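Visitor: Show me the folded form of this:
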Amino acid sequence: MARFAALLPLAYALGAFAQSVAYNDPNTGIDFMSFQDSESGARFGVATPETLGKDFIGQIVAPTIQGWAGLDMSAQMANHILVVAWPDGDNVRSSVREASGYTTPPVYTGNATTTPIANGTFVNSTHFSYTFVCNGCITGDDDSFPSTVKGNAFGWAFSDDAVAKPSVLDTALNMHSGFGAFAVIFANSSSSSYDTWASWAEAAAPAPSTPTNGTIGSGQNGTSTVPVATTLNTTYDYIIAGAGPAGIIVSERLAESGAEVLLIERGDASTYASGGRAVESWNDTVTQYDVPAMAYYLSTAGVTNEYCTDTADQAGCLLGGSSMINALMFVRPQERDFDDKWPTGWKWSDVSASAESFYERNTGTISPSKDGQRYDQGAYDVLSTFFTSNGWSSVNALEEPNKKTDVFSHPPWNIQDGLRAGPVLTYLPLAKAKKNFHLQLNSTVIRAVRESSFVTGVEVELLDGSRQIINVKTGGKVVLAGGALSTPRILINSGIGPAEQIKIVQSGSVAVTLPQEAEWIDLPVGKGLKDHPIVTLKFKTKSSLSSLDTTAFTAPNNMDIDSFAQGSGLLVQGGQRLNFWSSVNGTDGIERFVQGTCNSPSNDTIKMKIYLTHGLTSVGEIGVTASGKTEYITQPWFTTTEDKDALAAFIDRLISFTKTANSTLTLDAGLTASSNVTGADLIKTFVTGSHFVGTALMGTKDGRKGGDAVVDLDTKVYGTDNLFVVDASFHPDLPTGNTQAIVMVAAEAAAKKVLAVKVSGGDDTPAPSSTISALPTSSAVSSTAVATSSAAVTSAPGSASITSAPTAVASETATFSGTTAVTSVAVPSPAYTEVPMYGRCGGIGYDGPTKCAPGSKCKVQNDWYYQCV
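Guide: Got it, this is the predicted structure:
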């Protein structure tokens, strides 16, 4: 099903976008209708024949020699053909993609191709240019536009961040730093010279796609070489894979028991206090993730590499996970969110104590400014009158979480002390204060290493491509917390999941060592995927409403900067101005809930994002690709008629409110060409909520025996002795609000379950032939909003960062005047004068010999550790 509606009538559709202008390209002589982004300088052009067919000539010119740019067949980019190009040395590479969400778009599977025009395709010292014939790109289907239209709104995107593998056709792309749309009227872009111009196109040597040769594993065929992993000699009682909200909470609670805990995160630090340095231009002691007002603008902020590039949709790949990139909504779950579909042992009466423990540390707020004031409240005033006049009630969403029918509230935000809250702020400092807690950044967990049913540890990949095996102690446990879009990949890479998915890994291009096929565990991993679909509506206000410009948040004035330093003002708020909730009784007898988040994006305008939430019945599925990404097998939105009918009915009700005599709002006439638009029309255009759950479902029906569950009521994976899942993957249902709060509540409860399970089986891992000990690169603990120090402590590129030392190494913490505490390590000098192979030969704090034994050289592993290899 197409996620976006067909093109609206030309008079509306093109008038709403930036207009293209005539441009003659000096390199080719081709006349384009062109658009240039004033901020990035990227330019995009379209030239067409006099009679539009299936092809056109496109041009992409981008001011980068490492990033990428793309031209999309629609302003609404998802599920439409996207031509992307990027420089690869002196060459320009290109591929045709189709985006499915906020992640790296996969290669398009249809017949559209591109052929470059040589004179307009080049790389110089500042730019690259790609001029091409887009063959078969005008399909007439939902992924493009028909040849019968008079014009089209094209989308564009640009990123200055380097692509992952420039020479590879399906390389991962970083999140765009700029995007938009422009209109082209085909009467203006057509030329009688088109055929001549198109004849200049010549096929270039194709870029290689990710190879599809086999993966070597136990008893497997193939020609890929699995990197030799170094086994660390430090073992742990608990290894947690993923430092998102669930991973941080669970690891901190496990560390409270005195156990040795290692938390592994694939990304880098996020907040300033945690070691992140994506600082704001107006304050070099807070990052873009710290500032609540930046939550709406992270996808176009100074740094955009925090978004995962290998997941089926948007997710955060940094310390704190998606809790660092979301829009701050903190909707405490109502009791029904647990009581309706969660199993016995996980009802509200079972988890309420865990919820209270969590709320004590991470309360949320509807009034974040320290001065007690709320700012930019025009939208709230208009909307509160609108809903009150229709019989709705005002509530405090934090104090009254069970009131979710015909109510509205000031937005409940995950903000604390003037900063983005969440476990990075409220749990991680407590964990870091414990000597038995260890954090390793920039390390991607590839798989759980297992011997039959017992998991002995994990295999991780560092930024430089090297691998490590990190083991648990006898009786130890491995806990997966990578998120609902990544945990399934770790399970499948571990030989746990549908056989057809494991076979994709077996024959794929990512080097993964799988167990023997006889030891694969057949569980329905990825099959219970749910998400909130969101329909966006715009309304006009009948009275004047002033809206703040985007720069009020992204380039604030001095008064707001000073207020932020005091924990007050506009910048300590999120972007929403009012939330509402209601419900609809479906034709199947199921009550479905609806949430709305509202703001004012421009003068005299209200925008509502309307979510279908708890009670929806649509289910999808994700799986893995041969190149190691996760992808949709079945999209999870509106797969049931009852879900469509329910949200359409609510929107019809909302529209009816606007038609009353005393309504403060009217439906934006620009949204549709028809004044008789219905909810059924409007739900055809929707986006993902990125609130994914259910991909490793918890339940009593063992998936190995035909059931739907992947983990049991202790969150332990069926068929294993000591492997657990604690993130949104195991949630049996969607909540009424955003998933942020319920993920954290459930993680608190899951920590108790994991701690209580007694593990039998397994054995100490034999001493490896080559070992290294993990040493620290940084430690930073603070929750101060603004600091006077700008001391930077970051992890070394291409290596793991471990922010606390093994117990065998003495450490001393020096506290600076600012917010950052830096761990320094005193390492005793070894007795030898020549370092043996695999021994330490340098790094911060090391004062021993540096000469390696014959046959080995001293290699930098990270700032702290040089090793003879």
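
Visitor: tell me the domain ranges of this protein?
Guide: The record's domain parsing of the chain by automatic domain parsing lists 10-198, 230-328+421-528+692-756, 369-419+531-623+633-688, 827-869.

Visitor: any idea how far the first one is from the chain center?
Guide: Right, domain 10-198. Computed by C-alpha atoms, centre = their mean, to the nearest Å, the chain-centroid distance of domain 10-198 equals 25 Å.

Visitor: Offset the numbering so it begins at 28, please.
Guide: With the count now opening at 28, the last piece we talked about shows up as domain 37-225.

Visitor: That one - what's its average pLDDT?
Guide: On average, the pLDDT along domain 37-225 is 90.

Visitor: The shortest one too?
Guide: Across domain 854-896, the average pLDDT comes to 62.

Visitor: how far away is the residue nearest the centre of the chain from S350?
Guide: Residue closest to the average C-alpha location in the chain (C-alpha atoms, centre = their mean): A342, at 1.4 Å. Counting by C-beta to C-beta, to the nearest Å, the gap from A342 to S350 is 11 Å. Heads up, the C-betas are built off the backbone N, CA and C, glycines and all.

Visitor: To D377, which of the domains of the chain lies closest?
Guide: domain 257-355+448-555+719-783 (7.3 Å; C-beta to C-beta).

Visitor: end to end, how far does that closest one reach?
Guide: Taking C-alpha to C-alpha, to the nearest Å, the first and last residues of domain 257-355+448-555+719-783 lie 32 Å apart.

Visitor: picking up where we left off before, please identify the most buried of the domains of the chain.
Guide: domain 257-355+448-555+719-783 (a mean of 23; mean count of other C-beta atoms under 10 Å).

Visitor: Name the nearest residue to N179, sequence neighbours excluded.
Guide: What sits nearest to N179 in space, not counting adjacent residues and going by C-beta to C-beta, 6 or more residues apart in numbering, is F172, at 4.9 Å.

Visitor: Then W547?
Guide: G522 (4.5 Å).

Visitor: any idea of the pLDDT on that neighbour?
Guide: 98.

Visitor: Please, where are all the strands along the stretch 28-177 of the chain?
Guide: Taking DSSP state E, counting those that start in this stretch as the criterion, the stretch 28-177 of the chain contains strands spanning 45-46, 48-51, 58-63, 70-74, 83-89, 95-99, 108-115, 118-125, 140-143, 149-150, 155-162.

Visitor: Tell me which of the ones you listed sits nearest to E383.
Guide: strand 118-125 (45.7 Å).

Visitor: what's that closest one in contact with?
Guide: Under the criterion C-beta atoms under 8 Å, 6 or more residues apart in numbering, residues 97, 106-114, 132-137, 139-141, 143, 148-150, 155-157, 159, 164, 170, 193-194, 196-197, 234 lie in contact with strand 118-125.

Visitor: That one vs strand 108-115, what angle?
Guide: 160 degrees (axes from the mean of the first three to the mean of the last three C-alpha atoms, to 10 degrees).

Visitor: in the stretch 528-677 of the chain, which spans are helices?
Guide: In the stretch 528-677 of the chain, the segments counted as helices under DSSP state H, counting those that start in this stretch are 578-581, 585-592, 668-685.

Visitor: OK, contacts around the residue nearest to N179?
Guide: The contact partners of F172, by C-beta under 8 Å, 6+ apart, come to 34, 100-101, 165, 179.

Visitor: Please apply the same query to S156.
Guide: S156 neighbours (C-beta under 8 Å, 6+ apart): 54, 86-89, 119, 147-150.

Visitor: So which of the strands of the stretch 28-177 of the chain is nearest K878?
Guide: K878 lies closest to strand 108-115 among the strands of the stretch 28-177 of the chain, at 40.0 Å (C-beta to C-beta).

Visitor: so what strands line up beside the closest one?
Guide: As defined by DSSP bridges, the strand partners of strand 108-115 come to strand 95-99 (antiparallel), strand 118-125 (antiparallel).

Visitor: Now distance to G553 too, for those, in TSV please.
Guide: Output for those, formatted as TSV (distance: least, C-beta to C-beta, whole Å):
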stretch	distance to G553
strand 95-99	28
strand 118-125	20
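
Visitor: surely E362 meets K431?
Guide: No - the criterion here is C-beta atoms under 8 Å, and E362 misses it with K431 at 10.3 Å.

Visitor: how about the helices in the stretch 678-827 of the chain?
Guide: Taking DSSP H, counting those that start in this stretch as the criterion, the stretch 678-827 of the chain carries its helices at 706-709, 767-783.

Visitor: Mean pLDDT lowest where, among these?
Guide: helix 706-709 (a mean of 94).

Visitor: and that one, what other elements does it pack with?
Guide: helix 668-685 (3 or more C-beta pairs under 8 Å, 6 or more residues apart in numbering; DSSP states H and E).

Visitor: Need the residues that contact the helix it packs on.
Guide: Applying C-beta under 8 Å, 6+ apart, the set of residues contacting helix 668-685 is 413, 417, 560, 562, 564, 566, 609, 611, 613-615, 617, 619, 621, 635, 637, 639, 642-645, 665, 690, 692-694, 704-707, 709-710.

Visitor: Closest one of the contacts of S156 to A776?
Guide: Using C-beta to C-beta, A89 comes nearest to A776 of the contacts of S156, at 48.1 Å.

Visitor: Just send the strands of the stretch 28-177 of the chain back as TSV, with distance to S654 too.
Guide: TSV is the format used below for the strands of the stretch 28-177 of the chain (distance: least, C-beta to C-beta, whole Å):
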stretch	distance to S654
strand 45-46	35
strand 48-51	37
strand 58-63	32
strand 70-74	28
strand 83-89	24
strand 95-99	17
strand 108-115	16
strand 118-125	13
strand 140-143	20
strand 149-150	25
strand 155-162	23
